[in-house]
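K.L.:
Predicted model, plus sequence, below.
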Amino acid sequence: MWDGKNSKIPPGVQIFLVVFFSAPALAQAAAPPFSPTNIFAPASTPAQSIFGLSIFVLAVTGAIFVVVFTLLAYAVVKFRKRKNDDGHEPPQVYGSNQVEVAWTVIPILIVVALFMATARVIADIQKASPSANAIEVVAVGHQFWWEYRYPGLHVVTANELHVPVSDPQHPTPTFIKLLSADTDHSFWVPRLAGKTDLIPNHPNSMWIDPHETGLYLGQCAQYCGTQHAKMLLRVYVQPRDEFDRWIQLQRQPASTNDVVYEGQRIFQTTACINCHAVAGTVANGRFGPDLTHLMSRETIAAGAALNTPENLRLWIQKPEAIKPGSLMPAMELTDRELDAVTAYLETLR
């Protein structure tokens, strides 16, 4: 086994070689088996295009690294100081047209190749247009939550985006129009598409066509305020029949019963209705999420907490406890009123 004791390679270079060649194995051992935001596991055409470009760029830059490191290691080993050196410098070469042309032309060609590859991927993604069977969604970024509107399907929801899976033989892409209600945001679900910004008064767009069902996670990738880190994205990709059933359920008006009538009355006579909407009631606010089918969502507060009765009650009572810096005010309700409103909201399925 080589231990480096009798090697002529300087100790500094030995250490670098050991670290360099062992780093990939160490990283692989330390990495989790699967990450829902893994950019190296694309599940949609735009993400696959970006992944292919990333591998190409990595290969080019990796080749550059290998060449430069090899030359550097060669120079370090060959021209290291020896015991019998007489102190004289090796022959000096001043100026070489061939070398200067090479180190100018080769980098230019590399940059042009990277530019052309990048431009092609960007053009291919941006030139796509909605087909007849495409799903159209308007995503609105708020501080600090997401609003989703399905104009053609007459559905409005919040924080959890539902889309049908796209069969490569019969693609069903989802085209998303991106708007901002306040400041800059960014829509990024790594396994489905690249990062696209939401700019106030400047509509933007993107598209996805997921090839696998499941839950895909993402993140607002543009700092937008104190709760930027908790402005999470959840995209549910469903079989078409399951997606159609979800749409039908979302179209239904909110239902209630006599047991929770008191909670509904409190909800409709407080400031709740200034921000939230519940279909079929007097609540028609637009500053906060639509609550018509609140309990059909797995999370609340843009993914900050699971949608359980306990978390829902705490969210109404003290939003700061779940999401410090949230723009939702505490409603200052009594325990009895809190229980009644929570019971009412639990019926909104």
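P.N.:
Cool, got the structure. Residues are numbered from 1 along each chain as shown.
K.L.:
Report the contact partners of the closest residue to Thr196 other than its chain neighbours.
P.N.:
Nearest residue to Thr196, sequence neighbours excluded (Cβ to Cβ, 6 or more residues apart in numbering): Met206, at 4.4 Å. No exception for glycine: its C-beta is placed from N, CA and C like everyone else's. By Cβ atoms under 8 Å, 6 or more residues apart in numbering, the residues touching Met206 are 46, 175-176, 178, 187, 193-194, 196.
K.L.:
The same query, at a cut-off of 10 Å, please.
P.N.:
Taking Cβ atoms under 10 Å, 6 or more residues apart in numbering, we find Met206 in contact with 46, 125-126, 128, 139, 174-178, 187-189, 192-197.
K.L.:
Could you report the separation of it from Gly218?
P.N.:
Per Cβ to Cβ, to the nearest Å, Met206 is found 12 Å from Gly218.
K.L.:
Need the overlap of contacts for these two.
P.N.:
187-189, 192-193, 195.
K.L.:
if we can go back for a sec, in what helix or strand does the residue nearest to Thr196 lie?
P.N.:
Element membership for Met206, per DSSP states H and E: strand 204-208.
K.L.:
Tell me how far that strand lies from the chain's centre.
P.N.:
The chain centroid and the centroid of strand 204-208 are separated by 13 Å under Cα atoms, centre = their mean, to the nearest Å.
K.L.:
all numbers from here: first residue = 452
P.N.:
Shifting the count to begin at 452 puts that one at strand 655-659.
K.L.:
Identify each buried residue in it, please.
P.N.:
655, 657-659 (16 or more other Cβ atoms under 10 Å).
K.L.:
What pairs with it, parallel or antiparallel?
P.N.:
strand 625-631 (antiparallel) (DSSP bridges).
K.L.:
Mind checking the pLDDT average for the strand it pairs with?
P.N.:
Across strand 625-631, pLDDT averages out at 96.
K.L.:
Neighbouring strands - and their directions - for the next helix or strand after it?
P.N.:
Once the chain leaves strand 625-631, the next helix or strand it forms, by DSSP H and E, is strand 636-639. Strand 636-639 pairs in its sheet with strand 647-649 (antiparallel), strand 665-671 (antiparallel), by DSSP bridges.
K.L.:
Return the set of buried residues in the longest one.
P.N.:
The reference is to strand 665-671. 667, 669-671.
K.L.:
Need the CA coordinates for that strand. CSV is fine.
P.N.:
Coordinates of each C-alpha in strand 665-671 appear next as CSV, following Å, rounded to 0.1, in the frame of the first residue of the first chain:
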residue,chain,number,x,y,z
GLY,A,665,-45.8,12.4,-6.8
LEU,A,666,-45.1,15.4,-4.7
TYR,A,667,-42.4,17.9,-5.9
LEU,A,668,-41.0,20.4,-3.5
GLY,A,669,-39.6,23.8,-4.3
GLN,A,670,-38.8,27.2,-2.8
CYS,A,671,-39.1,30.9,-3.4
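K.L.:
Report all helices and strands that the very next helix or strand once past that strand contacts.
P.N.:
Downstream of strand 665-671, the first helix or strand assigned by DSSP H and E is strand 683-689. Packing partners of strand 683-689 (3 or more Cβ pairs under 10 Å, 6 or more residues apart in numbering; DSSP states H and E): strand 596-601, strand 611-615, strand 665-671, helix 691-702.
K.L.:
Just give me the longest helix of the chain.
P.N.:
helix 496-529 (DSSP state H).
K.L.:
Can you give me the buried ones in it?
P.N.:
Here helix 496-529 shows 496-498, 500-502, 504 as buried, counting by 16+ other Cβ under 10 Å.
K.L.:
Any chance of JSON lines for these, columns distance to Thr720 and pLDDT?
P.N.:
As requested, the buried residues of helix 496-529 are exported to JSON lines (distance: Cβ to Cβ, whole Å; pLDDT from 0 to 100):
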{"residue": "Thr496", "distance to Thr720": "49", "pLDDT": "93"}
{"residue": "Pro497", "distance to Thr720": "47", "pLDDT": "94"}
{"residue": "Ala498", "distance to Thr720": "47", "pLDDT": "94"}
{"residue": "Ser500", "distance to Thr720": "52", "pLDDT": "94"}
{"residue": "Ile501", "distance to Thr720": "50", "pLDDT": "94"}
{"residue": "Phe502", "distance to Thr720": "53", "pLDDT": "93"}
{"residue": "Leu504", "distance to Thr720": "55", "pLDDT": "94"}
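K.L.:
from these, which single one is nearest Asp695?
P.N.:
Thr496 (22.5 Å; Cβ to Cβ).
K.L.:
Not counting sequence-adjacent ones, nearest residue to the closest one?
P.N.:
Asp660 (5.2 Å).
K.L.:
Double-check the one you found against Gln620; I have them as touching.
P.N.:
No - the pair Asp660 / Gln620 is not scored as a contact, 12.0 Å apart, by Cβ atoms under 10 Å.
K.L.:
The two: which is more packed in?
P.N.:
Asp660 (27 against 5; other Cβ atoms under 10 Å).
K.L.:
how close does that one sit to Arg600?
P.N.:
In terms of Cβ to Cβ, Asp660 sits 20 Å off from Arg600.
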